[in-house]
Each structure stands twice: as C-alpha cells, then as structure tokens.
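Participant: Sequence and predicted structure are below.
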Amino acid sequence: MFSSSVSERSVLVSILAVVAIQLFFIRSVTSVNETNAYLYHKCLEKDGKYKSKSLYEKNLNSLISNTSVKDYIYGVYGHRPDTVYMVIQCRGDSYGSKCDTCLSTAYSEVNIFIINLCPMNKGAIVWFDRCLLRISPTTFINEMDLKNKFYMYNKKKVRDPALFNTKIKTFLTKLTMEATRRGLERSPAQEYYKPGDIKVDGKMKLYGMVQCTRLIWNSDCKKCLDTIIGELPNCCDGKEGGRVVSGSCNFRYEIYPFLDIQR
C-alpha cells in the first residue's frame with residue numbers, strides 16, 4: 001500500500017497545493033530506521049466531515065481495528081453513503097511485524113490528527129517512516145496523486161552540487177526504470193519498489209529507493225516518479241540526502257544506508 005522514511009537532521013517542506021512553505025527539523029535516528037517516525041499528514045477537506053458516533057465513524061473504527069497487514073492492504077467497509085475506503089502500504093523493506101506495527105501506529109496517530117488538527121474529516125493521509133495510510137469516503141484506485149506531497153532534505157551540502165545533482169537524477173531514473181520495467185500492462189496489484197546504491201566521488205556511496213503505491217498502474221507509477229524526480233532542484237539541490245513524498249509515489253537518497261536489508 002504505501003511507503004516513507006527519515007533522514008538525519010532533515011528539513012520538511014510542505015508543498016501541498018498553494019499552502020505557504022513550512023520548515024521544521026526531525027531528529028536523526030542512530031541506526032537504520034528503527035523507529036516508525038511520523039513524517040507529515042494532510043486532512044482532505046474536500047471529502048467532508050462526519051459526526052461523532054455516526055455510522056461513518058463506526059465503519060472507520062471497524063475497518064482499522066479489524067485489519068492486519070503484512071505489507072499492503074486496500075480495505076472497504078460499509079455501504080453508501082457511509083462507506084470507508086482505506087489503503088496502507090509499507091515501505092518496500094518493511095514487511096511482516098514491522099508493517100503490522102506501522103498499522104497500529106497509524107491508527108492511533110490518525111485518531112489524534114482527526115480529533116485535534118482536522119476534527120471529523122472523512123479523508124486523511126498520514127505519512128510515516130515505514131508506511132503510508134489513507135482513508136476516504138470515496139475510492140481512489142487508479143488515481144495518481146501528485147497534489148498532496150512534501151519535501152525532506154539534509155541540511156548538509158556536497159562539495160560539487162552540480163555534479164552530485166546529475167548523478168542523483170541519473171541514479172533515481174535508473175531505479176524508476178527497474179521498478180516499472182514490466183511494461184504498461186502491469187497490474188496495479190504489483191509492487192513498485194526498487195532500492196539501490198552507487199559509488200560517487202571516490203569513497204562516497206549513494207543509497208536510494210523509489211516506490212509507488214499499488215493503487216496506480218505501471219505507466220502512472222513511472223509518470224509519478226519522473227515528475228517528483230524532476231523536482232530535485234527545488235527539493236534537494238546539492239544536499240547530501242533528500243526525498244519527495246507524494247500520495248502515490250516517493251523517492252529518497254542518502255549518503256548512508258537507511259533501508260533494512262534483512263527481509
């Protein structure tokens with residue numbers, strides 16, 4: 001279903017629609033993403049609101065509390081007009097208990113966001129380090145979401161930004177091609193995830209990953225990744241680490257390992 005991550009001393013930049021730019025720092029993790037840190041959220045105002053103790057709220061609670069996920073799930077609960085749609089997708093290296101833990105975290109955090117930050121919203125997206133969760137009163141299968149997105153980047157800059165930027169773009173484009181290599185006919189039920197690493201500037205090694213949600217088609221996955229990779233100059237110009245995360249796809253790169261390679 002989804003994906004996400006965290007970088008040392010990262011800066012988050014909100015670019016949701018025309019919202020003003022916001023910056024804040026997320027404290028570094030000392031090892032390979034041992035925590036499932038909250039990254040960002042977006043309450044989807046266009047989806048409307050529900051009332052306390054309503055059937056929609058009951059359906060939402062039933063859907064999440066009765067769900068177990070190992071890496072991906074798309075769930076539907078209830079009948080119109082109180083149907084609840086939910087998708088949870090974990091980062092490509094987070095399976096089994098790691099993904100199931102993300103579900104528990106996401107459930108508690110979504111309740112906090114809906115109650116405190118956007119009370120009773122029927123739709124919301126929450127991004128965590130290891131997964132993404134989205135709820136909505138309407139289906140969003142086959143809908144590429146590039147509207148809801150944000151940037152994160154490391155404050156440190158490399159010595160040769162222009163050369164580094166070129167290598168990053170080439171690297172992430174290669175990962176995108178590998179993640180979507182099966183052609184336009186590929187089913188949206190497949191997993192669009194590809195990690196990798198390359199050497200840059202002698203001893204320096206660059207680690208990266210790309211991933212799309214399984215809700216979109218292969219051709220849209222490539223289009224989504226190509227679009228956010230094209231935002232590298234705005235996001236992460238010459239930065240040692242960075243990523244762009246949207247509702248349908250994301251990439252991340254760092255000069256240190258950040259994925260859990262044990263499956």
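Facilitator: Done, it's in.

Participant: all contacts plus neighbour counts: C-alpha atoms, from now on.
Facilitator: Noted.

Participant: what's the helix or strand for the nearest residue to C235 once chain neighbours are set aside?
Facilitator: In this structure, C235 finds its nearest non-sequential neighbour in Y151, 5.9 Å apart by Cα to Cα, 6 or more residues apart in numbering. Using DSSP states H and E, Y151 sits in strand 149-154.

Participant: which residues of the stretch 51-200 of the chain score low on pLDDT?
Facilitator: 67-71, 106-115, 182-190 (pLDDT under 70).

Participant: Would you map the helices across it?
Facilitator: Ranges of helices within the stretch 51-200 of the chain are 55-65, 97-116, 161-179, based on DSSP state H, counting those that start in this stretch.

Participant: To L259, which of these lies closest?
Facilitator: Taking Cα to Cα, helix 97-116 is the member of those nearest to L259, at 12.6 Å.

Participant: Distance to I261 and mean neighbour count for the helices of the stretch 51-200 of the chain - can I get that in CSV?
Facilitator: Putting those into CSV (distance: least, Cα to Cα, whole Å; neighbours: other Cα atoms under 10 Å) gives the following:
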stretch, distance to I261, mean neighbour count
helix 55-65, 28, 18
helix 97-116, 13, 18
helix 161-179, 16, 18
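
Participant: Rebuild the ones you listed as CSV, extending it with distance to Q89.
Facilitator: Shown next, in CSV, are the helices of the stretch 51-200 of the chain (distance: least, Cα to Cα, whole Å):
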stretch, distance to Q89
helix 55-65, 13
helix 97-116, 8
helix 161-179, 16
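
Participant: And the ones you listed: which comes nearest C249?
Facilitator: Closest approach to C249 among the helices of the stretch 51-200 of the chain (Cα to Cα): helix 161-179, 10.7 Å.

Participant: re earlier: count the residues that sit near the residue nearest to C235.
Facilitator: 24 (other Cα atoms under 10 Å).

Participant: Verify the contact between it and V245 for me.
Facilitator: Yes: counting by Cα atoms under 8 Å, V245 is a contact partner of Y151 at 6.4 Å.

Participant: OK, contacts around C118?
Facilitator: Going by Cα atoms under 8 Å, 6 or more residues apart in numbering, C118 touches C43.

Participant: Show me the one of the helices of the stretch 51-200 of the chain that comes nearest L44.
Facilitator: Checked against Cα to Cα, the stretch from the helices of the stretch 51-200 of the chain lying closest is helix 97-116, at 10.4 Å.

Participant: Right, I'll leave it there.
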